[in-house]
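Colleague: Just the structure for this:
(one chain, ligands or ions: 1)
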Amino acid sequence: MKTFTAIAGHIHTATGQPFVALSTCRIIGGDINAAFCLEGFAAPYFVKLNRADLLPMFQAEFAGLQAIAATDTVRVPRAVLSGTANGQAYLVLEHIVFGQAKRQSWHTLGRQLADLHRQPQAYFGWQRDNTIGSTPQPNAASADWLAFWRDQRLAYQLQLAASNGYRGNLQRLGERLCANMGVFFAGYRLLPSLLHGDLWGGNVAFDQQGTPVIFDPACYYGDREADLAMTSLFGGFAAEFYAAYQEHWPLDEGYAVRKILYNLYHILNHLNLFGGHYLSQAENMIALLLAELA
Ligand code: ADP
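Modeller: This next block holds a predicted model:
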């Protein structure tokens, strides 16, 4: 409770609203951090804790939530503060009581995500590096999306894979793909959009009114298709979501192939985090893409 008492003091200072920690409850569901509901006499807060040296990860999540909130398009938990207390790093957000999707909820999310993506951005990359899962994610600014995706996404993960012992076939296939991936973008008009960056089903919920909420982002400016592609990994979103997105900002026909290129990044990341069958999945995805070149 010592940590939460200290965090409550920081909340008081940051918000100017008196807040005393009365109790906490553990929230399950996250992959990386310990998550809690922190209750006092005022509205509760959602708190994530991790090792003190991981504070930059929470600072980057904080910045991402603020960036999405500033677009006024899709609901994210309000970012309250991040810092360290009692030797631990913390992130404090508005606590949201989640409910069920209502009839229009997925449709609304599709429209809102298209609205988020539509806001013009100046470059590919972001104001800071962040993490994807617990893996570092570099975001150095670039005017060249292809170079960005090749060097800061695929080649970065491939190099990590090599240092994790995945050499040989994966690396040979990966090199060929990186050298030739420009083909998949012929005739496609690329625009930088603010991306959630980690938009799988586990990072989407609905509040008690059925309003969509997205959380746990890994933001950067990139091709909107990268966000859309990830929604189809690990379960997929409801059909109404895709219909609404298409209605508001139709996708280019080359998306079907680029989707594999974009999801390869997350599969390589899963290989680096968890190993196992992600190796053959990554190799199969690269082989599929290389077959498109023939
Ligand atoms: P991690 O960074 O460990 O992956 P998440 O950000 O995904 O953690 O949060 C863990 C779980 O906490 C989520 O699956 C979700 O159910 C719940 N959650 C996330 N944000 C909030 C919030 N602002 N209010 C209430 N519950 C939340």
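Colleague: burial measure for the nearest residue to Pro138 once chain neighbours are set aside, as a count.
Modeller: For Pro138, ignoring the flanking residues on the chain, the nearest one in space by CB to CB, 6 or more residues apart in numbering is Gln152 at 4.7 Å. No exception for glycine: its C-beta is placed from N, CA and C like everyone else's. Neighbour count for Gln152, taken as other CB atoms under 10 Å: 21.
Colleague: now do Phe184
Modeller: For Phe184, the neighbour count with other CB under 10 Å is 18.
Colleague: That one and Ala162, how far apart?
Modeller: 24 Å (CB to CB, to the nearest Å).
Colleague: just Gly29 next, same as before
Modeller: Distance check for Gly29 against Ala162: by CB to CB, it reads 32 Å.
Colleague: Repeat that for Gly182.
Modeller: Gly182 sits 23 Å away from Ala162, taking CB to CB as the criterion.
Colleague: residues contacting the closest residue to Arg78 other than its chain neighbours?
Modeller: With CB to CB, 6+ apart as the measure, Glu94 is the residue that lies nearest to Arg78, at 3.9 Å, once sequence neighbours are left out. For Glu94, the contacting residues are Ala43, Tyr45, Phe46, Pro77, Arg78, Val80, by CB atoms under 8 Å, 6 or more residues apart in numbering.
Colleague: so what's the backbone phi/psi at Glu94?
Modeller: Backbone geometry at Glu94, expressed as degrees, to the nearest 10, gives phi -60, psi 140.
Colleague: Number of residues surrounding the residue of the stretch 101-250 of the chain found nearest the ligand?
Modeller: With CB to the nearest ligand atom as the measure, the residue in the stretch 101-250 of the chain that lies nearest the ligand is Asp216; the distance is 3.5 Å. Asp216 has 24 neighbours, counted by other CB under 10 Å.
Colleague: three-state assignment of it?
Modeller: Recorded secondary structure, Asp216: coil (DSSP: H, G, I helix; E, B strand; the rest coil).
Colleague: Settle this for me: it is touching Asp198, isn't it.
Modeller: Yes - the pair Asp216 and Asp198 passes the contact test of CB atoms under 8 Å, sitting 6.2 Å apart.
Colleague: sorry, back to before: do you know how far the residue lying closest to the residue of the stretch 101-250 of the chain closest to the ligand once chain neighbours are set aside is from Ala67?
Modeller: With sequence-adjacent residues excluded and distances taken as CB to CB, 6+ apart, Asp216 is closest to Asn203, at 4.6 Å. According to CB to CB, Asn203 stands 15 Å off from Ala67.
Colleague: Ok, Tyr188 next?
Modeller: Where Ala67 is concerned, Tyr188 sits at a distance of 25 Å (CB to CB).
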